[in-house]
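Student: Give the three-dimensional model of this entry:
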Amino acid sequence: MRLYIQNMSCSRCKILVEEELEKLGISHTTIGLGQIEIHGEVPGEKRKVLEGKLDRMGMKVIEDKKNILPSLIKGTLIEMVHYSDGQMKKTISAHLQSRLGYDYHYLSTLFAQSEGETIEHFFLRQKIEKVKELLVYEGQSIKEIAFKLNYSSIAHLSGQFKKMTGLTPTRYRQLVKLHQVSSGNV
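Tutor: This next block holds a predicted model:
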């Protein structure tokens, strides 16, 4: 039996769900972003308890896979940006198609209708968040970040960053460091 879980879009979510399944004694084979493969059926009472626990974690069991696809798309994109080990080998469209098994045009239309933004815009927001993380917490140079996140140039990264945040990457790093010093968090 397969359960589709809305808002299960990161590795941390998978860990939390797995812990709850183990506590409830629900045997499963795989836990992926947005879905769980369970041995057999989940008895009514256990399913209600599981659904209640998921609800408290901000997740929800979805009966129709079409309704879960936007969450699966988000999870896949977050994984691509935040948890990959470097340069992307495929385009976003090719990666989503191979991972989710649907035509990209269908996924793109469904995502835009559901989320009110394009897949590309969501992906760009994730990349900018990753740039912020790498600038501040890992102290990487803009050149290193541009390479790691597959930007065509430093200027391209800087332009997108400024468009999304209103600041250059360098100025953003300076302001965060200044804030850390003034609040004693250095």
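Student: does the spatially most central residue of the chain sit in a helix, a strand or a coil?
Tutor: With distances taken as Cα atoms, centre = their mean, the residue of the chain nearest its centroid is residue 78 (2.5 Å). Secondary structure for residue 78, judged by DSSP: H, G, I helix; E, B strand; the rest coil, is helix.
Student: Hmm, it is touching residue 12, no?
Tutor: No. Using Cβ atoms under 8 Å, residue 78 is not in contact with residue 12, being 10.6 Å away. For the C-beta atoms, the positions are set from N, CA and C on the backbone; glycine is no exception.
Student: what about this structure, any weak spots by pLDDT?
Tutor: Scanning the chain for pLDDT under 70 picks out 9, 65, 85-88, 185-186.
Student: Would you map out the domains in it?
Tutor: According to automatic domain parsing, the chain is divided into the following domains: 1-63, 122-183.
Student: Now render these as TSV, adding distance to residue 71.
Tutor: Below are the domains of the chain laid out as TSV (distance: least, Cβ to Cβ, whole Å):
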stretch	distance to residue 71
domain 1-63	5
domain 122-183	12
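Student: Just put those in TSV and tack on mean neighbour count and distance to residue 96.
Tutor: Rendered in TSV, the data for these read as follows (neighbours: other Cβ atoms under 10 Å; distance: least, Cβ to Cβ, whole Å):
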stretch	mean neighbour count	distance to residue 96
domain 1-63	16	12
domain 122-183	15	10
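Student: Let me know which of those is the nearest to residue 74.
Tutor: domain 1-63 (4.8 Å; Cβ to Cβ).
Student: Need the distance between the two termini of that closest one.
Tutor: Using Cα to Cα, to the nearest Å, one end of domain 1-63 lies 12 Å from the other.
Student: Centre of the chain to it, how far?
Tutor: 18 Å (Cα atoms, centre = their mean, to the nearest Å).
Student: Stretch 148-156 too?
Tutor: For stretch 148-156, the distance to the chain centre is 20 Å (Cα atoms, centre = their mean).
Student: Residue 28: what's it in contact with?
Tutor: Shown in contact with residue 28 (Cβ atoms under 8 Å, 6 or more residues apart in numbering): 18, 21, 36-39.
Student: Now do stretch 165-178: everything it contacts.
Tutor: So stretch 165-178 is in contact with 128, 131-132, 135-136, 142, 145, 157-158, 161-162, going by Cβ under 8 Å, 6+ apart.
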